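K.L.:
okay, structure incoming, though there's no sequence with it:
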């Protein structure tokens with residue numbers, strides 16, 4: 001499973017994190033302080049939303065974040081339960097940054113949360129349009145079907161890192177067209193949809209090249225620094241294509257790591 005690894009490191013700016021991520025951090029702190037044990041059941045989403053004064057959608061997204069990190073897990077019709085690993089701060093802190101193979105695909109905001117980095121996003125364009133024949137083939141939808149498209153400039157600790165071009169079938173998450181991604185996380189929005197969409201695995205490729213004039217300007221490149229172009233096709237929990245993304249990174253602010261398995 002590939003994991004994106006931008007290089008800048010810094011102190012966490014909590015106010016720069018999306019609300020769901022701050023709620024997830026508070027909930028984890030409270031679980032740890034209470035001395036909860038693996039197998040303990042969490043209060044219902046309704047009770048937690050009231051306790052933390054947020055919407056059910058935000059709380060569901062926060063719970064999804066902790067589930068992605070292996071802290072909690074859900075049981076159909078029974079609710080959320082603390083995992084054995086989630087019962088210990090030490091176990092959580094020592095967990096590898098990359099998600100286990102087959103478990104989930106890590107998003108930009110997810111990476112920042114794990115590594116204590118502040119995120120800033122500038123939306124260059126977004127909207128809904130018909131899918132081209134090529135896009136329809138990749139995403140297994142009908143040509144002309146509604147496609148949500150977005151281009152964003154992403155920063156870590158106020159250093160520009162990447163230009164992202166995301167394309168997703170709108171039918172899988174109608175919330176996409178109503179969300180302000182200048183502050184919201186794409187993957188958190190997917191997790192909060194009904195039904196929730198969870199990127200599990202991805203086809204991923206990376207190549208290096210020289211930036212074009214627009215990329216030089218957006219990524220603030222004034223020398224011979226190359227860009228790394230990462231193309232990702234992510235699949236949801238039902239093995240359905242969910243997200244086609246082309247990310248153009250500054251070559252000096254990105255490292256690609258992968259675990260190769262049988």
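P.N.:
Okay, I see it. Since this is a predicted model, take the numbers as computed values, not measurements. Numbering: from 1, shown residues only.

K.L.:
any low-confidence regions in the stretch 51-200 of the chain?
P.N.:
Within the stretch 51-200 of the chain, the ranges that satisfy pLDDT under 70 run 84-104, 113-115.

K.L.:
strands along that one, start to end?
P.N.:
In the stretch 51-200 of the chain, the strands defined using DSSP state E, counting those that start in this stretch lie at 72-75, 79-82, 119-130, 146-156, 159-169.

K.L.:
tell me which of those strands sits nearest to residue 195.
P.N.:
strand 72-75 (12.7 Å; C-beta to C-beta). Where you see a C-beta, it was placed from the backbone N, CA and C, and this is true even at glycine.

K.L.:
next, format the strands of the stretch 51-200 of the chain as TSV and append mean neighbour count.
P.N.:
Shown next, in TSV, are these (neighbours: other C-beta atoms under 10 Å):
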stretch	mean neighbour count
strand 72-75	15
strand 79-82	17
strand 119-130	14
strand 146-156	19
strand 159-169	21
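
K.L.:
okay if I get these as TSV plus distance to residue 177?
P.N.:
Listed next are the strands of the stretch 51-200 of the chain as TSV, based on distance: least, C-beta to C-beta, whole Å:
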stretch	distance to residue 177
strand 72-75	27
strand 79-82	29
strand 119-130	5
strand 146-156	6
strand 159-169	10
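
K.L.:
so which of these is nearest residue 19?
P.N.:
Residue 19 lies closest to strand 119-130 among those, at 12.7 Å (C-beta to C-beta).

K.L.:
neighbours around the residue nearest to residue 139 when sequence neighbours are not counted, how many?
P.N.:
Distances taken as C-beta to C-beta, 6 or more residues apart in numbering put residue 241 closest to residue 139, at 4.5 Å, once the chain neighbours are dropped. Neighbours of residue 241 under the rule other C-beta atoms under 10 Å: 19.

K.L.:
from residue 188, how far off is residue 241?
P.N.:
To residue 188, residue 241 is 20 Å away according to C-beta to C-beta, to the nearest Å.

K.L.:
same deal with residue 202?
P.N.:
Taken as C-beta to C-beta, the span from residue 202 to residue 188 is 17 Å.

K.L.:
in the stretch 151-262 of the chain, which spans are helices?
P.N.:
With helices called from DSSP state H, counting those that start in this stretch, the stretch 151-262 of the chain shows them at 186-192, 213-218.

K.L.:
just checking, the residue nearest to residue 139 touches residue 233?
P.N.:
Yes - at 6.1 Å, residue 241 counts as touching residue 233 under the criterion of C-beta atoms under 8 Å.

K.L.:
overlap in contacts, the two.
P.N.:
Contact criterion C-beta atoms under 8 Å, 6 or more residues apart in numbering; residues shared by residue 241 and residue 233: residue 138.

K.L.:
is it true that residue 74 touches residue 67?
P.N.:
Yes - counting by C-beta under 8 Å, residue 74 does reach residue 67; the two are 6.6 Å apart.

K.L.:
common neighbours of those two, please.
P.N.:
Going by C-beta under 8 Å, 6+ apart, residues that sit against residue 74 and also against residue 67 are residue 80.

K.L.:
and the closest residue to residue 108 other than its chain neighbours, how far from residue 204?
P.N.:
Nearest in space to residue 108, with sequence neighbours left out and distances taken as C-beta to C-beta, 6+ apart, is residue 154 at 5.6 Å. From residue 154 across to residue 204, the span is 17 Å (C-beta to C-beta).

K.L.:
same question for residue 21.
P.N.:
As judged by C-beta to C-beta, residue 21 and residue 204 stand 24 Å apart.
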